[in-house]
Each structure stands twice: as structure tokens, then as C-alpha cells.
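>>> With the sequence up front, the predicted model follows.
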Amino acid sequence: MKIAVVGSGYIGLVAGACLAESGNDVICADIDQDKIERLNRGEISIFEPGLEPLIESNLEAGRLSFTTDVPQAVCASDIVFIAVGTPPDEDGSAGLQHVLAVARTIGESMNGEKIVITKSTVPVGTANRVKAEIESRTKHVVHVCSNPEFLKEGAAIEDFMRPDRVVLGVDSEHAAEVLRDLYSPFVRTGREILIMDVPSAEITKYAANSMLATRISFMNSIAQLCEKAGADVNAVRQGIGSDTRIGSSFLFPGIGYGGSCFPKDVQALARTMSDLGADASILQAVQEVNRRQKRILLERLVDRLGEDLAGRTIAVWGLAFKPNTDDMREAPSIVTIEGLLERGARVVAHDPVATDEARHRFGDRVEFAEVNYDALHGAAALVIHTEWHPYRRPDFERMLNAMERPLVLDGRNLYDPDQMAERGFEYVSIGRSAATVRSEGSG
Ligand SMILES: NC(=O)c1ccc[n+]([C@@H]2O[C@H](COP(=O)([O-])OP(=O)(O)OC[C@H]3O[C@@H](n4cnc5c(N)ncnc54)[C@H](O)[C@@H]3O)[C@@H](O)[C@H]2O)c1
């Protein structure tokens, strides 16, 4: 099939590369000239395991190409994916300016019947607006469908190639047939293609992300209760996760959700619900809990070291909002680091892949260590934000020797509280009160 993917950011690149890998001719288009020039040289600006070789091999095979000429990409294709960003507007709703701009370009470039698919995460009703923009500029038939993307950053290729399910919101039997055919190589192991009406597909994406965010905020609330009641949230997590009606995913307490999707999608769904007169109170609560949780490591550090951190070195392990990505959008680490800098601390940070991103964000206000242990020299505390594998079993002796005060604030519950106490650390984690009591006692 001949496919255009408009928007060559995270989602557009992954979708374009995977669709080319399954034999289609794919043109990825973007208005960012610099990005397209770099992509044509095989340079990829995002860190995503497996993406670079996939792009390289499909470029070489001639199935994948990159262009800034969006009209030309549309003309050359029967199927056009819209994969541009939908950043939040001031009122919290999803900003549709890029999506509608692409719709106008498609309308002006139509040279035959086409299927246009919104892959960007867009509020219910957007496909109708896209269709209206296109139809007001052409007499050719256009089908506008919704195909929300559920992949996870860090496992994006695997998720696209072997999705749990493919959701297709379609406006005609013809579109359903073409898209079922397009996705059939990705569901050969019996995964489902769910064909539904367009508004249901649009809502499904927001409902999925908001459900996952709700589980996270729920567990963070339970973690708070565990601390106050002298319970262990890990035990509670296992106790409820083994119930097949609940399941064990997304029950880890931590320092709140971040990233490019959950915060904006929960906010946008709450906005849509309010606009349409549905009760959004559950999502308001989810967001409030998350806002509080993102500050928790900073508050616990200040409880122990005081408000004035001038002259204190604080080590930070982990900057990305989760492992296997360099994405720092809405990362809890930003909240901690800004709070530390405001209080005069010297911050020395390590992350296996996100330091370029962090340099861009913090400039020379933060120092970066090449090796995680190098961040610890003379540190009054270590704050852990991301559960990268190398942080899970570190050389504790080396840590103790390097730090001025052996205070570890662990936002990911990587270590056993009793063992940490035995090793001589003041150890603070999430939802495990025994550790907190012990560490306060020894601090
Ligand atoms: N990142 C994720 O994990 C993820 C997962 C599922 C869904 N989504 C959704 O996918 C969409 C895209 O997200 P992303 O992370 O890829 O965004 P991104 O910011 O990485 O990329 C968007 C790209 O669109 C380009 N663009 C903007 N306007 C354009 C125009 N008029 N014509 C051509 N190109 C244009 C930008 O230059 C940019 O390269 C969003 O709606 C997001 O919510 C993202």
C-alpha cells in the first residue's frame, strides 16, 4: 500500500518504520526541515531501542523516505496518517492546531479517493472536524478514521509490531476492509483488531491512559495510608494484584506519572467530560494526587536536611520519566531538581541516556556525571527517580564511601528497607513505613 505519515516525531517515526517493514511504501513527512535532513542522513533524534536499524534498513530498501513536502506525500498515497503533536491548550484541552493544519493541507492536495487516519491522540469529535476541513477543499471522496496508538516509549517497536490489540474507528465498510488488511501482518498471533465507530475509538485512547493513571494515583494513595498505618505497600500490591479481576500491572507506587501522554491525556479527558456535561471528579482527584506525589521526594529530603540547601551536594540517579527512554517531558525528576536548585543545592545527576535532554533543559545549573557513582562524591543525599537496571544492584559499599551522609530517597522502591538499614543507610522509600521509621531513627 502507498502510505503517507504526516508528523515524523515519536509516533510518526515508529509507525512509518514499522509499516514500511511490513512491505508498504511509506513517506514520512514533517514541516521541521532540520529533522527531515537529519533523518535522511539516518540520524534519529530520539532514543528508542530498535528504531534506528529499522529506519536504516527500510531507507536502504527504498520502502521508506522522508520529506518536508507534505502535499507531495499526500498526493503519492492512498492512506494518510496524521501523527502530529496535540499539546495541551491553556484550558487543558488537546490542542488541535497541528491536526487541523494537516487536514487543510490534505484537503488542498487531494488527487483521488483517500483514507485519512488520525493516529494523534485527539478528543472525541475530532475526526468529524478533520473531515469537514478536507471536504470543504475537495470534491474527492475522503474516509476519516481513528486509529489511536497504544505503544509504550521504550518498547515502541515491539508494541507496534505485536500490539495487544488494534483499535480502528471507521466510517465505512471500505475503510474497515483496507485497514484490516493493512494491520493483518501485525496480529498474526491472534491479537484482535477491534473495529468500532469513530467516536468510540477516539474515547478508547483517553479512557485507556486515564485508567492506567488512575491505578497509579490510587496506589500512591494506598502507599500513603500504608506509611501512616505501619503497613507495607508491596505486600498490599501483591495481595490485590493476584486477584484476576484486578491484575498486577500498573500497581507500583512511586513518584507519580509523567511523560508526554498521561498528564496531558488525563487533563484533556477531564476537560472533554466537563465540556460535554459528564462528571470528571474522578480524573480531578487522579491529577491532584499526582501533583502531590511528584513533590514527595523533595519534601522528604527537606524534612531531613532543612530548607536551606546552600553548600549541600545532592546526587540524582535517573532523569527520564521511566527507563529505556530519554524522554523527560513532565518527569518527576524536574520537580525535585527545580526544588533543590531553588534551595541553593548543588545537583549532580546521572542518567544512562537522558543527560543530553537534561542539559538542554537545565543548562549549566546541573552537573552531570558519566558514571552513576561519580554523582555521589560528597553528597548529602541520593535521590532516585528512575528504575534503570544498573541502579537495581549497585555497589553499596562504594556508595557509602562516596557519600557525605548515607541518605537515600528512593522513589521506585528498588531496595529492601531492612537490608539498607543493615548496610548503614538512612533509607526512605514509598509506602513502606518500617523503613521510614528505621531511617529516621538512624538519621
Ligand atoms: N509519544 C508517545 O508515546 C505517544 C503514544 C501514543 C500516542 N501519542 C500521540 O501521538 C501524537 C504525536 O506524538 P509524538 O510524541 O510523536 O509528538 P512529537 O512532538 O514527537 O512529534 C510531532 C511531529 O509533528 C510535526 N508537525 C507539527 N505540525 C506539522 C504539520 N502541520 N505538518 C507536518 N508535521 C507537523 C512536528 O514537527 C513533530 O516532528 C500526539 O497526539 C500524542 O499524544 C504519543
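Good, I have the coordinates. Numbering: from 1, shown residues only.

>>> what ranges do the helices span in the stretch 201-350 of the chain?
Taking DSSP state H, counting those that start in this stretch as the criterion, the stretch 201-350 of the chain contains helices spanning 233-241, 262-275, 281-293, 296-305, 332-342.

>>> where does Trp388 land on pLDDT?
pLDDT recorded at Trp388 is 97.

>>> same check, this time on Ala435
For Ala435, the predicted pLDDT is 44.

>>> Identify whichever of the helices of the stretch 201-350 of the chain lies nearest to the ligand.
Closest to the ligand of the helices of the stretch 201-350 of the chain is helix 262-275 (Cβ to the nearest ligand atom; 6.7 Å). Placement of C-beta: from N, CA and C, glycine included.

>>> What is the closest one packed up against?
Packing partners of helix 262-275 (3 or more Cβ pairs under 8 Å, 6 or more residues apart in numbering; DSSP states H and E): helix 198-229, helix 281-293.

>>> Could I get the contacting residues of the closest residue to Ser274 other than its chain neighbours?
Counting by Cβ to Cβ, 6 or more residues apart in numbering, Ser274 lies nearest to Ala280, which is 5.0 Å off, once chain neighbours are set aside. Applying Cβ atoms under 8 Å, 6 or more residues apart in numbering to Ala280 gives the contacts 269-271, 273-274.

>>> again, only this time at 7 Å
Contacts for Ala280 (Cβ atoms under 7 Å, 6 or more residues apart in numbering) come out as 270, 273-274.

>>> Dump those residues into a markdown table; add neighbour count, distance to the ligand and pLDDT as well.
Shown next, in a markdown table, are the contacts of Ala280 (neighbours: other Cβ atoms under 10 Å; distance: Cβ to the nearest ligand atom, whole Å; pLDDT from 0 to 100):
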| residue | neighbour count | distance to the ligand | pLDDT |
| --- | --- | --- | --- |
| Ala270 | 22 | 15 | 97 |
| Met273 | 18 | 18 | 98 |
| Ser274 | 17 | 20 | 97 |
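
>>> of all those, which comes closest to His140?
Nearest to His140 among these, counting by Cβ to Cβ, is Met273 at 35.7 Å.

>>> pLDDT wise, what is the residue nearest to the closest one when sequence neighbours are not counted at?
Distance criterion Cβ to Cβ, 6+ apart; nearest residue to Met273, sequence neighbours excluded, is Ala280 at 3.9 Å. At Ala280, the model reports a pLDDT of 98.

>>> what's the spacing between Ala280 and Gly378?
In this view, Ala280 and Gly378 are 47 Å apart by Cβ to Cβ, to the nearest Å.

>>> Low-confidence stretches in the protein?
433-443 (pLDDT under 70).

>>> Can you name the residue of it nearest to the ligand?
For the chain, Cβ to the nearest ligand atom, closest residue to the ligand: Gly9, 1.7 Å.

>>> what about that residue, how many neighbours?
18 (other Cβ atoms under 10 Å).

>>> what's the helix or strand for the residue nearest to it when sequence neighbours are not counted?
Spatially, and ignoring its direct neighbours in sequence, Gly9 is nearest to Gly85 (6.3 Å; Cβ to Cβ, 6+ apart). Of the helices and strands defined by DSSP states H and E, none includes Gly85.

>>> Hmm, Ile11 and Gly85 touching each other?
No - judged on Cβ atoms under 7 Å, Gly85 makes no contact with Ile11 at a distance of 8.9 Å.

>>> and the residue nearest to Ser274, backbone torsions?
phi -100, psi 10 (degrees, to the nearest 10).

>>> Gly85 and Ile11: which is more packed in?
The neighbour comparison of Gly85 against Ile11 (other Cβ under 10 Å) goes to Ile11, with 24 against 18.

>>> Am I right that the more buried one is in a strand?
No - counting by DSSP: H, G, I helix; E, B strand; the rest coil, Ile11 falls outside a strand, being helix.

>>> Surely it touches Ile82?
No - the criterion here is Cβ under 7 Å, and Ile11 misses it with Ile82 at 10.2 Å.

>>> overlap in contacts of the two?
Lys119.
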